[in-house]
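Asks: below are the sequence and a predicted model for it; my questions follow.
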Amino acid sequence: MIHEIHEIIQQAIISQEKGLKNVLASVVHLEGSSYRKPGVRMLISEDLSSVGAVSGGCVEKEIIHRAKSVFSNKKAKIITYDGRYRLGCEGVLYILIEPFSISKLFLNEFLNAKKNRETIKIDSIFLKKDETFGNFGSYVTFKNKRQFTFNDSFDFQIKNEAITFTKTLQPAFKLIIIGGEHDAVKLCKIASNLGWEIDVVTSIKDPKNKADFPGANSVIGETPETIQFKNISTNSAVVIMNHSYVQDLKYVINLSKHNPKYIGILGAPNRRERLFNELFELVPDLSEDFLDLIYTPAGLHIGAQTPEEIAVSIVAEILSVVRKKEPFSLRNLNGKINN
């Protein structure tokens, strides 16, 4: 997830400014099952503080302990963590631990790529061995083909028998919230914890600012007649929560020219048929595929009552739609959770 590597980079810069070294731990291979998939990372600073996580918490302490040699000799290494003999995990993790330094040139490139919603590729070179040193490390390739390593002594052109693990970071999932009331604030707050990029549209008659919506990327005052939606794609969701049927309908008409992955609308179930009928009258060329994008009332049926709980139900529904999962209790699942 791009927000996780962004957090790691931010913390690395803070540590560098304090004169502390950093190392990056990356899960690059997995045999069996684990809490998270390969590609997850954590940063360890020289004072042994850390950000990020590679598991649910059962692996991190050992990684920090085994990262100490990388601080002292500046040599990247690969370690394994066998969870088959420990509670909670059933797989063997291969973890690359490498010196991690951020240059200003890399930082500018990363921030521009993130702002422009570009994909970023990270290749990690390693061997499937335990406690082994070598020409291991990660390098980043941006859309403009510029490449960076985190360690000057690592040469990614030299691979010999090493294995390459590739992780492509997609732009942050984009959520547009249309509404400026208390429930919209709660949705923004909960969705921001997932690292989503959140743009909020409030009424132009009652404008708000970013201080009113913690976690928001932008907050603007607009009307459904004048707003110009940009960068709405299948990596985007829209939640309309105006508490006004007329305003909701106008925004949906505007959105009919776009193709988000999900359009959620607050409101009673019995107004859904009215909404669809009026959409067909006002937008004659409306497709049924567009109607399939609309979820109203928004959210999963989990008995949500408070604004916070309703926000959780909406976020869960968006995730289930984006990841094409039919929600049910995991107690009814046999086999692996991730496949």
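Replies: Yep, that arrived. If you're wondering where the values come from, they're calculated on a predicted model, not measured in any experiment.

Asks: and the nearest residue to residue 155 once chain neighbours are set aside, helix, strand or coil?
Replies: Excluding its sequence neighbours, the residue lying closest to residue 155 (Cβ to Cβ, 6 or more residues apart in numbering) is residue 135, at 6.2 Å. Using the backbone N, CA and C atoms, a C-beta is placed for each residue, glycine as well. What DSSP: H, G, I helix; E, B strand; the rest coil gives for residue 135 is coil.

Asks: look up how far residue 75 lies from residue 135.
Replies: From residue 135 across to residue 75, the span is 10 Å (Cβ to Cβ, to the nearest Å).

Asks: the residue nearest to residue 155: neighbour count?
Replies: 18 (other Cβ atoms under 10 Å).

Asks: please enumerate the strands of the stretch 151-300 of the chain.
Replies: All strands of the stretch 151-300 of the chain, identified by DSSP state E, counting those that start in this stretch, fall at 163-169, 174-178, 197-203, 218-222, 236-240, 262-265, 294-295.

Asks: ok, residues contacting the second one?
Replies: Spelled out, that is strand 174-178. Outside strand 174-178, the residues that touch it by Cβ atoms under 8 Å, 6 or more residues apart in numbering are 117, 184, 187-188, 191, 196-201, 229, 231-233, 235-242, 251, 260, 318.

Asks: who does it pair up with?
Replies: strand 197-203 (parallel), strand 236-240 (parallel) (DSSP bridges).

Asks: can you give me the domain boundaries for this structure?
Replies: Here the domain parsing of the chain from the TED database is 2-169, 174-323.

Asks: confidence score at the residue of the chain positioned farthest from its centre?
Replies: Relative to the C-alpha centroid of the chain, counting by Cα atoms, centre = their mean, residue 281 is the outermost residue, at 38.1 Å. The model reports residue 281 with a pLDDT of 91.

Asks: and stretch 44-61, how far out from the chain's middle?
Replies: 19 Å (Cα atoms, centre = their mean, to the nearest Å).

Asks: would you work out how far apart the start and end of that stretch are?
Replies: Counting by Cα to Cα, to the nearest Å, you get 11 Å between the two ends of stretch 44-61.

Asks: what residues does it touch?
Replies: So stretch 44-61 is contacted by 4, 7-8, 11-12, 15, 20-27, 34-36, 40-43, 63-64, 67, 71, 81, 83, 86-89, 93, 95 (Cβ under 8 Å, 6+ apart).

Asks: list only those of those residues flagged as buried.
Replies: Among those, those that count as buried by neighbour count (16 or more other Cβ atoms under 10 Å) are 4, 7-8, 11-12, 15, 21-27, 34-35, 40-43, 63-64, 67, 71, 81, 83, 89, 93, 95.

Asks: out of the residues you listed, list just those in helices.
Replies: 4, 7-8, 11-12, 15, 63-64, 71 (DSSP state H).

Asks: residue contacts, residue 149?
Replies: Applying Cβ under 8 Å, 6+ apart, the residues contacting residue 149 are 137-140, 156.

Asks: okay, and the beta partners of it?
Replies: Going by DSSP bridges, residue 149 forms beta bridges with residue 139.

Asks: hmm, back to that, closest to residue 208 out of the ones in helices among the buried ones among the contacts of stretch 44-61?
Replies: Closest approach to residue 208 among these (Cβ to Cβ): residue 7, at 26.2 Å.

Asks: in which helix or strand does the closest residue to the closest one other than its chain neighbours reside?
Replies: Using Cβ to Cβ, 6+ apart and skipping residues adjacent in sequence, the residue nearest residue 7 is residue 51, 5.8 Å away. Using DSSP states H and E, residue 51 maps to strand 50-52.

Asks: number of residues surrounding residue 163?
Replies: 15.

Asks: list phi and psi for the residue lying closest to it once chain neighbours are set aside.
Replies: Take residue 163 and drop its neighbours on the chain: the residue closest to it by Cβ to Cβ, 6+ apart is residue 126, 5.9 Å away. When quoted as degrees, to the nearest 10, the phi and psi of residue 126 stand at phi -160, psi 170.

Asks: correct me, but residue 126 touches residue 29?
Replies: Yes. Residue 126 lies in contact with residue 29 (Cβ atoms under 8 Å); the separation is 7.4 Å.

Asks: what angle sits between the strand ranked longest in the chain and strand 163-169?
Replies: The longest strand of the chain (DSSP state E) is strand 22-31. Going by axes from the mean of the first three to the mean of the last three Cα atoms, to 10 degrees, strand 22-31 is angled at 110 degrees with respect to strand 163-169.

Asks: which elements pack onto strand 22-31?
Replies: If contacts are counted by 3 or more Cβ pairs under 8 Å, 6 or more residues apart in numbering; DSSP states H and E, strand 22-31 sits against helix 2-17, strand 41-45, strand 92-99, strand 120-126, strand 163-169.
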